[in-house]
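> Pasted the sequence and its predicted model underneath.
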Amino acid sequence: MYEGIRSPAIHMPKTMGDLVSAATRFPNATFWAGGTYLMSRHDYYPTRDSNDIISLSEIPELKKINRTDRFLEVGSMVDISQLLSVGKQVLPDLLQKTLLSMATRILRKQITIGGALCTPDLRLALPGSLAVLNSEVEVRTCDGPRSDSRWLSVSRLYDKSGALLLARNEVLTRVRIGFEQENFSTFLSAGNPMLTPSETVIFSLVCSYSQSIVHSFRFCFTLPHGGFYISSEIEMLVRGLLLPLSPVQVARITRSLSLEIEEAHQPISGIQKERIRRFFESALHELNSQSLSEQ
Amino acid sequence: MKIECTIDNKHLLLTINSNKPLNLILMEDVEGMPLNSRCRDGNCGNCVVLMDDEAVLSCLIPAFRLKGAKILTFEGYQKTRFWHDLERAYEDSKNQPCPRCIASKTLIFESLLQMMGKPETGDKGDDVPNTETILSELRLNTCNCLDAEELIEIFTIAANYRRRRRVRRN
């Protein structure tokens, strides 16, 4: 039935050094984290051009969770369930909501943080929320003796259209999530990124304010095939405003967002535009009601 | 690739492609496996098996991850004592999943029963998973042969049997 199908060689490095040497020796090999995305593709098996596989599951360094006073550092092979088990006291509220929205518990045990960030052509919920939380990722270049690593912000992992910017010999090893205290966060999603990517919208927002004045407002819309939408202009527009926002202000900010999206984002369907508008508006109303309840 | 693993308590040595999904292995390489799932993208949820006592979608498990693993399909699970809790819950509620999805739904129920007392978020939560969790887990299987109320009823009865079993054992 599968005549002529090659069985790819599996490399299972046990240390970071082994990983670098395996990736250098087999430059065309595929890095394998949890495998949920790779295996859910229709052309996964059988296929004639399957690359060798470098499984990252045996490297203990990639499975560590470290907590310091300032940040939480998570290895890329930590699965979503493990990260959730760290608990509410440690995880930012937005991240907890995002992780719980990802698939079911059965699948969350298999989806890894690194895998969820490195899907080549589909953006899921996690990158947007991590970008809003100003998280950083460590990327290691596996290039023989010149192997090095660098930290960059999550939003710089992808280009404007959402395509992954990692080179073939680069692997994501750690994610650093800061412990910034936010007064308000919200996570909304509609649609299924795997089944209906052209209709799905995922929205993450954090806001901090003191004495009813907004001093930090960050949001991100994720479109599975369209990448991120982060607007510094809108964020600037909200910063410094007094809460609660008046209905006129809410309408004005939402209209500005709709206009910006109309101009900037090409691959976006009508339903996504409408969902973006509604999510944003409802988040502003939610922010208003929280600020009112605290007064 | 040669892989040694245990499927339904039978120790097997399989020669298979290293990236072949477990559901295809069960259908094509292991004799007497009635598993029937060809969606291959994790969307139908009809291929749930227990791998090292944890429910997984077999279409998302590659062959190379099976080294030394203990796989239990629905047929193997029916020979364990835990099956009786769910079997009695099906009888008591007079509801049973259809033949197409009974294997997967039963194993998802089993994973929910194992979840009792082990909340995912690290907080001290309730002993029994809440309705929302139960329904969201069961949504993994897309067959709509039972409605939400019936599924909750089955789980509640099975959870009572399981709790009694634990008390007796203690």
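It's in.
> Quick check: A:Ala264 vs A:Ile53, distance?
Separation of A:Ala264 from A:Ile53 (Cβ to Cβ, to the nearest Å): 38 Å. All C-beta atoms are positioned from the backbone trio N, CA, C, and that covers glycine.
> do the same with B:Leu86
Counting by Cβ to Cβ - B:Leu86 and A:Ile53 are separated by 37 Å.
> Let me know whether A:Tyr37 touches A:Arg123 as I believe.
No: judged on Cβ atoms under 8 Å, A:Tyr37 makes no contact with A:Arg123 at a distance of 11.3 Å.
> Looking at these two, which is more packed in?
Neighbour totals were compared for A:Tyr37 and A:Arg123, and A:Arg123 leads with 26 against 21 (other Cβ atoms under 10 Å in any protein chain shown).
> does the more buried one belong to a helix or a strand, and which?
A:Arg123 is part of no helix or strand when elements are defined by DSSP states H and E.
> wouldn't it be in contact with A:Cys220 here?
No: at 10.2 Å, A:Arg123 does not count as touching A:Cys220 under the criterion of Cβ under 8 Å.
> What is the burial count for residue 104?
With no chain named, the answer covers chain A. 19.
> could you do chain B instead?
Count around B:Ser104 with other Cβ under 10 Å applied: 27.
> That one - that's part of a helix, no?
Yes: with DSSP: H, G, I helix; E, B strand; the rest coil as the criterion, B:Ser104 is located in a helix.
> Return the per-residue confidence for it.
pLDDT for B:Ser104: 93.
> what's the residue nearest to it when sequence neighbours are not counted sitting at in phi/psi?
Using Cβ to Cβ, 6 or more residues apart in numbering or on different chains and skipping residues adjacent in sequence, the residue nearest B:Ser104 is B:Val48, 4.1 Å away. With angles defined as degrees, to the nearest 10, B:Val48 sits at phi -70, psi 130.
> B:Val48 reaches B:Ile108, doesn't it?
Yes: between B:Val48 and B:Ile108 there is a contact under Cβ under 8 Å: 5.9 Å.
> where do the contact lists of these two overlap?
Residues touching both B:Val48 and B:Ile108 by Cβ atoms under 8 Å, 6 or more residues apart in numbering or on different chains: A:Ile106, B:Ala55, B:Leu140, B:Asn141.
> ok so, going back, what residues are shared contacts of A:Arg123 and A:Cys220?
Common contacts of A:Arg123 and A:Cys220 (Cβ under 8 Å, 6+ apart): A:Phe228.
> Enumerate every residue touching residue 131.
No chain in the question, so chain A it is. Taking Cβ under 8 Å, 6+ apart, one finds A:Ser153, A:Val154, A:Ser155, A:Ser204, A:Cys220, A:Phe228, A:Ile230 in contact with A:Ala131.
> hmm, I had chain B in mind actually
B:Ile152.
> what about residue 102, neighbour count?
Reading this off chain A. 17.
> other chain: chain B
Counted with other Cβ under 10 Å, B:Ile102 comes out at 16.
> That one touches B:Tyr77, doesn't it?
No: look at B:Ile102 against B:Tyr77 with Cβ under 8 Å: they stay out of range, at 11.1 Å.
> So between A:Ala264 and A:Ile53, which is more surrounded?
The neighbour comparison of A:Ala264 against A:Ile53 (other Cβ under 10 Å) goes to A:Ile53, with 22 against 11.
> After the helix or strand containing A:Arg218, which helix or strand is next?
Assigned by DSSP H and E, A:Arg218 falls within strand A:213-223. As assigned by DSSP H and E, the chain's next helix or strand after strand A:213-223 is strand A:227-229.
> Which positions in the helix or strand following that next one come out as buried?
Downstream of strand A:227-229, the first helix or strand assigned by DSSP H and E is helix A:232-238. By 16 or more other Cβ atoms under 10 Å in any protein chain shown, the buried positions in helix A:232-238 come out as A:Ile234, A:Leu237, A:Val238.
> for stretch A:288-295, same thing?
Quick answer for stretch A:288-295 (16+ other Cβ under 10 Å): A:Asn288, A:Gln290, A:Ser291.
> From A:Met194, how far off is the residue of chain B most remote from its centre?
Distance from the centre of chain B peaks at B:Met1, with 26.8 Å (Cα atoms, centre = their mean). From B:Met1 across to A:Met194, the span is 28 Å (Cβ to Cβ).
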